[in-house]
Every structure is written in C-alpha cells, then in structure tokens.
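*Asks:* Only the shape, not the letters, is given here:
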C-alpha cells in the first residue's frame, strides 16, 4: 500500500510557480503493477522520486507499508569518486542486505568487467544505468519504481534484464513510467494517469491507456 496525503509539489519555472502534483489524496492498492501515464512534463518522474524519497514534496506526505526501490535505471545518485563496487557496498549497508551477495549479483549481472572496480566518473551513461539496474534487481523490494528503463545495453543484455525484471514481478509490484504501450501491457495490470497535477487510478489498464491516449490526441 502506498498512500498520498495532501501531497503537493511545484517548481519555479521562469519566475512562475508550476504545480506538478496538486493536493493529491489517493491510496494505491497492494499487489498491483501500475502504469504511470501522462504527457511529457506532467510530473511522472517527479512523483516517482517523491515516492522513493529522493526529493521532498512542498507539503503533504507519502505513507507506505512496504519497501520501495529508487527509480530503476537512475544512476544519478552514485558517488562519482567511488568505484561501482564501493557504491554497491554502500547501497547494501543502506538497505540492510548481504554485502557479498549483492556485490556478486551486480558484478555478474551488470557485465562491467574491470570498470566495476573503477570510479563511476569514468562510466558512460549506459554503464551507470546497468550498474543501477543491477543493484536494484539485486535487492528484493516490495515495489519497484521504473522510469522508462527496464533494459539497457545490447540485445542479449536487454533480454537478460527483461527476464530478471519479469521474475521480480512474480513476487513484487511496480510503478512504471514507459512510453511503450507494449511494455506497459507486458508488465502492468492497472493504470494511473497524471494530468494537470491530478492523478487518477484505473483498475482496468486498457481504460487508463484509452484515457491517456485521448488526452494526448
């Protein structure tokens, strides 16, 4: 369960206040994998970051009774001067999981070779995404937050990534931002539509997609 209570978030854009989440009150059901739909700039990534705790709302709060990942594929929070391995060790301590097990999983999964033991500042954006994706998949969260990325890298790595994510979805739920309706239909079974600061829940995924596409037309 994730509950939003009087949640509001805004940004200053060219001297004006732009509200992206407007006094939101909504409870998301347990066990649903949700597609988070909305136009570019609607605030989808902002909402995911608030759910994960990486940014704070202007007012209100978010309550959850389960563990929640950071946005999968987001590598911006890694310490640039630490190696990939050192960052993974730090993550393991933060989330209270076995350090050696997480290190082994990420090293095998991310396929970074010698770069795993080099500073993250030397990584390409794709390498950071692979490290972040591997680290998030190596921890069993109740809810995974997915912002556009369920797979990175070449075709073989993408197949492996999608397979491990599908496996996690047997036991966990997700909130997924993705512009591919094919992937949305593959991984989600209900939907959310964010428009003008308002978030609407749909038990029927196809109804959510229909509403979203009508708004985009």
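*Replies:* Thanks, I have it. Bear in mind the structure is a predicted one, so any value in this text is a computation, not a measurement.

*Asks:* Could you say which helix or strand holds the nearest residue to residue 10 once chain neighbours are set aside?
*Replies:* Spatial nearest neighbour of residue 10, chain neighbours left out: residue 19 (4.5 Å); criterion: Cβ to Cβ, 6 or more residues apart in numbering. In this view, the C-beta of every residue, glycine as well, is placed from N, C-alpha and C. Under the criterion of DSSP states H and E, residue 19 resides in strand 16-28.

*Asks:* Could you give the average pLDDT over that strand?
*Replies:* Averaging pLDDT along strand 16-28 gives 95.

*Asks:* ditto for stretch 33-46
*Replies:* Rounded mean pLDDT across stretch 33-46 is 94.

*Asks:* contacts for that stretch?
*Replies:* 9, 20-21, 28, 47-48, 55, 71, 147, 169, 173-178, 184, 187-195, 197, 201, 205, 208-209, 212, 215-216 (Cβ atoms under 8 Å, 6 or more residues apart in numbering).

*Asks:* now swap in stretch 47-61 and tell me
*Replies:* So stretch 47-61 is contacted by 2, 4-10, 20-21, 23-24, 36, 46, 62, 64, 68-71, 77, 145, 147, 175, 177, 194, 199 (Cβ under 8 Å, 6+ apart).

*Asks:* in the chain, what spans have low per-residue confidence?
*Replies:* Scanning the chain for pLDDT under 70 picks out the ranges 73-76, 149-153.

*Asks:* the strands in the protein, which residues?
*Replies:* 2-13, 16-28, 34-37, 59-64, 68-72, 143-147, 173-177, 190-195, 198-202 (DSSP state E).

*Asks:* Please name every helix or strand in contact with the fifth one.
*Replies:* In this structure, strand 68-72 packs against helix 44-52, helix 125-137, strand 143-147, with contacts taken as 3 or more Cβ pairs under 8 Å, 6 or more residues apart in numbering; DSSP states H and E.

*Asks:* same thing with the first one?
*Replies:* Based on contacts counted as 3+ Cβ pairs under 8 Å, 6+ apart, the elements that strand 2-13 packs against are strand 16-28, helix 44-52, strand 59-64.

*Asks:* These: which one's closest to residue 88?
*Replies:* helix 44-52 (17.8 Å; Cβ to Cβ).

*Asks:* quick check: angle from the closest one to strand 16-28?
*Replies:* 60 degrees (axes from the mean of the first three to the mean of the last three Cα atoms, to 10 degrees).

*Asks:* separation between the residue in the chain sticking out farthest from the centre and residue 21?
*Replies:* Residue distances from the centre of the chain (Cα atoms, centre = their mean) peak at residue 15, which lies 29.5 Å from the mean C-alpha position. Distance, residue 15 to residue 21, using Cβ to Cβ, to the nearest Å: 20 Å.
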